[in-house]
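Colleague: Give me a model of this one.
(chains A, B, C and D)
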4 protein chains.
Amino acid sequence: MITVLKQGTTKEERDQLIHWFEEQGVKVHVSVGEYQTILGLIGDTSRIDMEMLELLDIVDKVARITEPFKSANRKFHPEDSKIKIGNTACGAGAFAVIAGPCSVENKEQIEEVAKRVKAAGATMFRGGAFKPRTSPYDFQGMKAEGIELLLEAKKATGLPIVTEIMNANHLPLFEEVDVIQVGARNMQNFELLKELGKTKKTILLKRGLANTMKELLMSAEYIMAGGNENIILCERGVRTFETYTRNTLDLSAVPVLHNLTHLPVIVDPSHATGYAKLVKPMALAAAACGADGLMIEVHNQPSKALCDGAQSLTPDQFDALMDQVQKIREVLS
Amino acid sequence: MITVLKQGTTKEERDQLIHWFEEQGVKVHVSVGEYQTILGLIGDTSRIDMEMLELLDIVDKVARITEPFKSANRKFHPEDSKIKIGNTACGAGAFAVIAGPCSVENKEQIEEVAKRVKAAGATMFRGGAFKPRTSPYDFQGMKAEGIELLLEAKKATGLPIVTEIMNANHLPLFEEVDVIQVGARNMQNFELLKELGKTKKTILLKRGLANTMKELLMSAEYIMAGGNENIILCERGVRTFETYTRNTLDLSAVPVLHNLTHLPVIVDPSHATGYAKLVKPMALAAAACGADGLMIEVHNQPSKALCDGAQSLTPDQFDALMDQVQKIREVLS
Amino acid sequence: MITVLKQGTTKEERDQLIHWFEEQGVKVHVSVGEYQTILGLIGDTSRIDMEMLELLDIVDKVARITEPFKSANRKFHPEDSKIKIGNTACGAGAFAVIAGPCSVENKEQIEEVAKRVKAAGATMFRGGAFKPRTSPYDFQGMKAEGIELLLEAKKATGLPIVTEIMNANHLPLFEEVDVIQVGARNMQNFELLKELGKTKKTILLKRGLANTMKELLMSAEYIMAGGNENIILCERGVRTFETYTRNTLDLSAVPVLHNLTHLPVIVDPSHATGYAKLVKPMALAAAACGADGLMIEVHNQPSKALCDGAQSLTPDQFDALMDQVQKIREVLS
Amino acid sequence: MITVLKQGTTKEERDQLIHWFEEQGVKVHVSVGEYQTILGLIGDTSRIDMEMLELLDIVDKVARITEPFKSANRKFHPEDSKIKIGNTACGAGAFAVIAGPCSVENKEQIEEVAKRVKAAGATMFRGGAFKPRTSPYDFQGMKAEGIELLLEAKKATGLPIVTEIMNANHLPLFEEVDVIQVGARNMQNFELLKELGKTKKTILLKRGLANTMKELLMSAEYIMAGGNENIILCERGVRTFETYTRNTLDLSAVPVLHNLTHLPVIVDPSHATGYAKLVKPMALAAAACGADGLMIEVHNQPSKALCDGAQSLTPDQFDALMDQVQKIREVLS
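Modeller: Below you'll find the model as predicted:
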């Protein structure tokens, strides 16, 4: 970390700051120039609050050389993490395919879709029981009953279950859920993250609509700081001015995150684009740039879906997609 | 609400959809054109899930003519709402000035700043006890102890207290707090909003970093749908590509929201800009475009603040600002 | 096109507007509802100025059903366009690989890189002679001399030449250039587009930093309206709040544009990401989602490049990339 | 300017770089730390190409301490610039009010609006003769004939004339125009900027739709580097995800630019918001945060305007606005 002091800083003020740094356990190299003085901080600076530092009267600029996340940082954990979920996995070469409907609607739907996506090669089954909706008047999900249906599908197919949590108080309902999803709107719900850090569940952490990759990693760090290192990151599009797609899928997040962290990174092309016909090309692109998995909406009757029609694939389309994803992955290997 | 059907929709499919609309209690006007059929929906369409509708096979486009929020909508409540907080108020001509430090740090700080901002004309006192921080390693606030200090300041000055909540489970700690703030990162924490809708507390709802005004109003609607209509909206900047300011303060939100809703709208120039020297011009601009109040960070020793140095005014600067704000408001009246 | 009239519009005002529409050659279907009147416009509405229409006192909303671009529209030209450049092509199955240094620097550089990229499978050679730079003090390119060096490389390798134009007055210098690039900053330099519309040159039109896909197509329409239909569209990243990449590459633009237009769409991962190590994964992703080509920076000594070091591949890296791109394309076929 | 070298940089490589810096006329202070070496550059670094520097193999990070613009920089020119236009001025206490219709339509319109805005206190008259339009099929302006009508209005009222240029080849038509506007879409049309730098005309430079303030100042620098220092900057809104306003007016640009540059800064609330009813509050806000002027669309019959209806004020509304702007300015003085 580099701290540039303002012109006019007195030696006394400077020494006071250096003393404070040393108390935090970091070493300081001072470089006095004609117009400015630069302090180079050496050691574990992750616990130094950069924002507070910048606000000091005598400080002109602060720049980090090392990233402020530590547990998630590849520098301190060079090998890819392989997150194990039941008898499947994600990361370090294991490719996760999480498929299923946007919302759990009824027993028939869940049974049929689960059976079909398993046959096509899905490694986990997803379905929304608690649905975050912009309007309080829109369908909010089947809740506990929805989780029951997912667990029945798990029993029938053996596929681990992925479903979203919106409130830490609901955790008892998630006891048999394999992977707990934190949605984009809750990526910085730090209270929820802290509670999930106390569990041993695998957490699927989605990037917020207007969050940077650094913030995504800091949110992962919240969970990891609590002791839970079972995290899968998920890119699902960011908000831009473009209107032809629901969000702008930022696939460069895959290689960038792979450089920064050892955690696996998957991609959700269904929510990002909002249109079924864009799911296939973007899923193939995600596989091609090295994603560790995909999250795909599949519905047996997209046109009758309660909330996932136009962006859901039919089971037949999903079959065809899986086939090409497999071939793309062979090219990379 | 207008629903445009796709070319090739059969009469049977169309009639089925019309029948469904009528079941929802809305009347349908059909306009058959050469290339498309348009259904105009008349009545209360706020409970129709536009997203689900758009996903139907036969639907090409859906457009709302009326907005999807109802309790917050000025159309159904033409007069400005005046939110009463103790013996002060916000909205319908009442101008709220909420001032105080970013974080509660200690008794001396809180006592001194509260006394000073009251003398300068503040109508409420603010201070953060629970702090949402991007990093788990940054200062997270004094929590319950911080709220205690705020309540002491309330006793000493008579100023109502404003402080942020991050977890509905903390509500018992907020019993004597006058205004509960929902921060930008929790604007779409729907579970929290629902719980706040069950209280009678005044809620200060901040716009999310990348949320539209419509989404802000839908979040207000979540609280109002629960029965709590005591809401103050707060513009605090949105995320853009600009880097000279922390966020981009969107002052046009003030007149736009005034057109759309009867709820009061205040502005927080301190968090939006991130720099003390920008607070005064932006506070004056907020007053000039009709804001119902301001939220200003004031610290007795900005350079020693735990988290709000560079963006905090000194009590003297705050005095001078209040004087000019008052004069600007006289020009408008 | 749908025009919704405001409540309170008189029959006289409405008939006046309908009459005006009919004069523009479009038929009007009127649908009178309880709260609003909707006019459905049938026929060629591309020449109706939607913005002007929206501004009329009596008009509440205007929505297009068909897109405002016509020559570029796939609806009126369903087959993919194949743009021929010398004995190579782009689109309709032909995959273009445009490679070369960011800037033309000297004869040795151009000769060596051109030879190497040709051997690795590039179909066109690129190099910047006129460089748009944010600062007037930065290197502005070798200009006419740079074009000379490119033409020598063309003679030596047979590869068609791609280089950027910034001023229509420079067109005489581009006489032997095969493909004229319009950079992101000039995407809405309408005067330049009009001049290029009068030529028969192939135009490589880059998407602006903050432009929508619709605006990109409208800019293509400017060129096509002048009579020049030889256009290749290029996605090169849009501006967001993310800072780990120079821009955010929007790969969903590839399938979206393919749905909207018959023009070929290529991707420039070098400028979009700004880092050499991101070029390979994003180039593979672009191929996987169906791009009609790639534009890749290659430099013989990236660390000594005048303006393209960190984002340039070495010729060896380019060789390896071409090999995998080819295999990805085989998966899709 | 600070340059951080990568770990593993050899002494030889470092000395080579230091030598190169010294050749550019800057002094170098070396600070060798345990993990990194920092070079502090002292002197005129505005001509060092930061982007090129960052791309060197041995360089980890580069950060500017001083801004890359020089002629526009307040540090080197501490007093406000007062730009004189005929017998009026802008900046250094002089408040410019530029009013008139979006497009020049006909003699009667121009005559009437010019007379009315002069009476209400406008200091300059504006009207678009060349119109940048997204669609080639939309109205492109009256061109030379439009400029003729503006010059007649100038003769009749004595008001200096402001109108937009889109092509340097049109400069002969602008000989008697007082202020040449560069529109948002041409802010980085560097070839146009260079040509304008060779004239002595006052240039009204609008911020691009997705450009930072630093880029705006670099574009001003292009003009100033050519010898023309008569520049007025104009904030007119940036592109965000918000849809209730055409663009998001960034009023914080006014105080930020005032800190960075001595050039005057005006605000265009008409184009930024796109709605007449938002023009007044945002114009007052602009005056309150210290803008050096306003650019306001005024039309005698907004509902019949060719391109500026809904966002234009009537002359009566403009009268009322001017009155309040004057009072706001008195508060500030």
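
Colleague: so where do the strands sit in chain A?
Modeller: Taking DSSP state E, the strands of chain A run over residues A:2-5, A:27-32, A:37-42, A:59-63, A:83-85, A:88-90, A:96-100, A:124-126, A:161-165, A:179-182, A:202-206, A:231-235, A:265-267, A:293-297.

Colleague: neighbours around the residue in chain A positioned nearest to chain D, how many?
Modeller: In chain A, no residue comes nearer to chain D than residue A:31, which is 3.3 Å away by C-beta to the nearest C-beta. All C-beta spots, glycine's among them, are computed from the backbone N, C-alpha and C. Under the neighbour criterion other C-beta atoms under 10 Å in any protein chain shown, residue A:31 is assigned a count of 20.

Colleague: out of the strands of chain A, nearest to chain C?
Modeller: strand A:265-267 (10.1 Å).

Colleague: So that closest one, near chain C or not?
Modeller: No. Under the criterion of C-beta under 8 Å from any C-beta of the partner chain, chain C is not reached by strand A:265-267; the shortest gap measures 10.1 Å.

Colleague: Give me the distance from that strand to the chain's centre.
Modeller: On the basis of C-alpha atoms, centre = their mean, to the nearest Å, strand A:265-267 sits 8 Å off its chain's mean C-alpha point.

Colleague: For it, list every residue counted as buried.
Modeller: Of all the residues in strand A:265-267, those buried under the rule 16 or more other C-beta atoms under 10 Å in any protein chain shown are A:265, A:266, A:267.

Colleague: can you list the residues you listed in CSV and add pLDDT and distance to residue B:322?
Modeller: Listed next are those as CSV, based on pLDDT from 0 to 100; distance: C-beta to C-beta, whole Å:
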residue, pLDDT, distance to residue B:322
A:265, 98, 50
A:266, 98, 52
A:267, 98, 51
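
Colleague: now, which of the residues you listed lie close to chain D?
Modeller: Judged by C-beta under 8 Å from any C-beta, the overlap between those and the neighbourhood of chain D is nil.

Colleague: For residue D:68, state which of the residues you listed is nearest.
Modeller: Using C-beta to C-beta, residue A:265 is the member of the buried residues of strand A:265-267 that sits closest to residue D:68, with 35.2 Å.

Colleague: From what I see, that closest one and residue A:294 are in contact.
Modeller: No. The pair residue A:265 and residue A:294 fails to qualify as a contact (C-beta atoms under 8 Å) at a distance of 11.0 Å.

Colleague: Would you mind naming what in chain A lies close to chain C?
Modeller: So chain A meets chain C at A:210, A:212-214, A:238, A:240-245, A:248-252, A:254-256, A:259-260, A:272-273, A:277-278, A:281-282, A:284-290, A:324, A:327-328, A:331-332 (C-beta under 8 Å from any C-beta).

Colleague: does any part of stretch A:1-11 sit near chain B?
Modeller: No. Stretch A:1-11 does not reach chain B (C-beta under 8 Å from any C-beta); its nearest approach is 11.5 Å.

Colleague: List the buried residues for that stretch?
Modeller: Residues of stretch A:1-11 classed as buried: A:1, A:2, A:3, A:4, A:5, A:9 (neighbour count, 16+ other C-beta under 10 Å).

Colleague: Quote the end-to-end distance of that stretch.
Modeller: End-to-end distance for stretch A:1-11: 20 Å, by C-alpha to C-alpha, to the nearest Å.

Colleague: just checking: which of the residues of chain A next to chain C also lie near chain D?
Modeller: A:240, A:241.

Colleague: which of the residues of chain A next to chain C are buried?
Modeller: Buried among the residues of chain A next to chain C by 16+ other C-beta under 10 Å: A:210, A:212-214, A:238, A:240-242, A:244-245, A:248-252, A:254-256, A:260, A:272-273, A:278, A:281-282, A:284-290, A:324, A:327-328, A:331.

Colleague: Sort out for me which of the residues you listed are in helices.
Modeller: A:213-214, A:254-256, A:260, A:272-273, A:278, A:281-282, A:284-288, A:324, A:327-328, A:331 (DSSP state H).

Colleague: what ranges do the helices span in the stretch 51-200 of chain A?
Modeller: A:107-119, A:144-157, A:190-197 (DSSP state H, counting those that start in this stretch).

Colleague: could you give the mean pLDDT of the last one?
Modeller: So the one you mean is helix A:190-197. Mean pLDDT, helix A:190-197: 97.
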